[in-house]
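Undergrad: predicted model follows, preceded by the sequence.
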Amino acid sequence: MGLAAPQAPRAREGGFSLVEMMVVLVIIGLTASVVAINLPDPRGRLIDDGEAFAARARAAQEAAIVEARAMALWVSPSGYGFERYRDGEWVAAAESPFEDRQWPADSRVTVSRQDGERTRIVFDETGLNDPLDVSLARGDEAVGVAIGGDGTIRVNG
């Protein structure tokens, strides 16, 4: 009878322990929450809509000065656009950046003074105009665009 050879310790079976799995799940959860928090709103930021509107209004103001011809901006709760005064009548400006635009579908738009369905202000050859305030709102977010009678255009929000 011989002595039995010592048995080698059993090799650890493949796989992860419960603690290792929990650590991996926590890391994945934290990473997913950081990504979700930093994803941009698919509707875009409301401030970007306000700034785009203000930039187009400035472009219309500058076009009126450069072309020495009145240019109008119309605003309604559904969108806005631009018109040029030609041959005694207002004609829609269709070239970029003056083509008609729609406000985002989920935005609420308020115009400081209502002149029917559309409110129009005219930029004259000096860049002056009647004042107009436009407010954009979506959920808890709000942005205001103030077009002053002296030609200033400000975005507040």
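TA: Yep, it's here.
Undergrad: CA atoms for contacts and neighbours, from now on please.
TA: Fine.
Undergrad: could you look up the SS state of the nearest residue to T126 once chain neighbours are set aside?
TA: Using CA to CA, 6 or more residues apart in numbering and skipping the chain neighbours, the partner closest in space to T126 is I65 (5.6 Å). Going by DSSP: H, G, I helix; E, B strand; the rest coil, the secondary structure assigned to I65 is helix.
Undergrad: how many neighbouring residues does Q61 have?
TA: 26 (other CA atoms under 10 Å).
Undergrad: what kind of secondary structure is it in?
TA: helix.
Undergrad: my read: it touches L73, true?
TA: No. Checked against CA atoms under 8 Å, the pair Q61 and L73 is beyond contact range at 9.1 Å.
Undergrad: mutual contacts of those two, please.
TA: Taking CA atoms under 8 Å, 6 or more residues apart in numbering as the contact rule, Q61 and L73 both touch F123.
Undergrad: distance of V34 relative to L25?
TA: Taking CA to CA, to the nearest Å as the measure, V34 falls 14 Å from L25.
Undergrad: do S135 as well
TA: Distance from S135 to L25, by CA to CA: 45 Å.
Undergrad: more neighbours, these two?
TA: S135 (20 against 12).
Undergrad: got phi/psi on the more buried one?
TA: Main-chain dihedrals, S135, degrees, to the nearest 10: phi -110, psi 130.
Undergrad: A94 and A59, how far apart?
TA: 14 Å.
Undergrad: buried residues in the host helix or strand of R84?
TA: Following DSSP states H and E, one finds R84 within strand 79-86. Using 16 or more other CA atoms under 10 Å as the test for burial, strand 79-86 gives 80-85.
Undergrad: need the worst-confidence member of those residues.
TA: Model confidence across these bottoms out at Y85, which has 88.
Undergrad: how many neighbouring residues does the nearest residue to that residue once chain neighbours are set aside have?
TA: Excluding the flanking residues, the one nearest Y85 by CA to CA, 6+ apart is A70, at 5.8 Å. By other CA under 10 Å, 23 other residues sit near A70.
Undergrad: what's the spacing between L25 and G14?
TA: On the measure of CA to CA, L25 and G14 end up 19 Å apart.
Undergrad: make that P131, sorry
TA: Distance from P131 to G14, by CA to CA: 74 Å.
Undergrad: more neighbours: the two, which one.
TA: Applying other CA under 10 Å to P131 and G14 shows that P131 carries more neighbours, namely 17 against 6.
Undergrad: now stretch 146-157: mean pLDDT?
TA: Here the average pLDDT along stretch 146-157 is 89.
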